[in-house]
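Colleague: Predicted model and sequence follow; I will ask about them next.
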Amino acid sequence: MGGVEDLKSFIEEDISKERVLALTVGNSMPEELAASLWEMTMRNEHPLSWRAMWFLEHLGADNHEILRPYLKLIVAEFLNFKFDGQRRSALKILQMFPVTDYDYGVVLNFCFDIILSNNEPIAVRSFAMQIVFDIAMVEPELKPELKEVIKLILPENSKGIQSKARKLLAKL
């Protein structure tokens, strides 16, 4: 693939598992690709930015270390992401790493906000719930608070959220 504009056109043209694999699997310069994808993510342009984050997530699926340099940036920029897809993929990237690898105090706050928000898509809320659970495994004093939040949202949510919530409650 040529330069950044070629990459931008490739991402904007179509999104599919085949295209993401064509771009990411066996890429000879994954660090450079990651940097370009991150730059496009930060433009906050629809659909480029959420697609770039999705490609970034898949780039690191088999080699998480490619994404390690972006952990602090994801945490720092999370609240600036304008699109659900950016937030969803960002949370999936964070889940690739132990919570102790990033500032989980900041992540905890925005994940609790996401869990309690009915405006967030089911997938984003589910990933946020999992991250809070993972943090609670490191900081056990958070378990009672997580239980209460899950019990609070359980009755009024979708089947997907209810299923995730029940599974996590059983583990708590």
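Modeller: Everything's here; your move.

Colleague: So for the helix or strand bottoming out on mean pLDDT in the chain, what gets flagged as buried?
Modeller: Ranked by mean pLDDT, DSSP states H and E, the helix or strand of the chain with the weakest confidence is helix 17-24, at a mean of 89. For helix 17-24, burial by neighbour count (16 or more other Cβ atoms under 10 Å) applies to 19-20, 23-24. To be clear about C-beta, it is placed using only N, CA and C from the backbone, and glycine gets the same treatment.

Colleague: Over to stretch 25-41?
Modeller: Quick answer for stretch 25-41 (16+ other Cβ under 10 Å): 30, 33-34, 36-38, 40-41.

Colleague: ok, now stretch 113-132?
Modeller: 114-115, 120-121, 123-132.

Colleague: which pair in these spans the largest distance?
Modeller: Taking Cβ to Cβ, the two most distant members of the buried residues of stretch 113-132 are 121 and 132; they sit 16.8 Å apart.

Colleague: Do a quick rundown of the helices in the protein.
Modeller: Taking DSSP state H as the criterion, the chain contains helices spanning 4-13, 17-24, 30-41, 48-59, 71-77, 84-95, 104-116, 122-138, 143-153, 159-171.

Colleague: Quick one: end-to-end distance for stretch 142-160.
Modeller: End-to-end distance for stretch 142-160: 23 Å, by Cα to Cα, to the nearest Å.

Colleague: same thing with stretch 62-79?
Modeller: Stretch 62-79: ends 27 Å apart by Cα to Cα.

Colleague: now do stretch 137-156
Modeller: 26 Å.

Colleague: buried sites along that stretch?
Modeller: The neighbour-count check on stretch 137-156 (16+ other Cβ under 10 Å) flags 142, 146, 149-150, 153 as buried.
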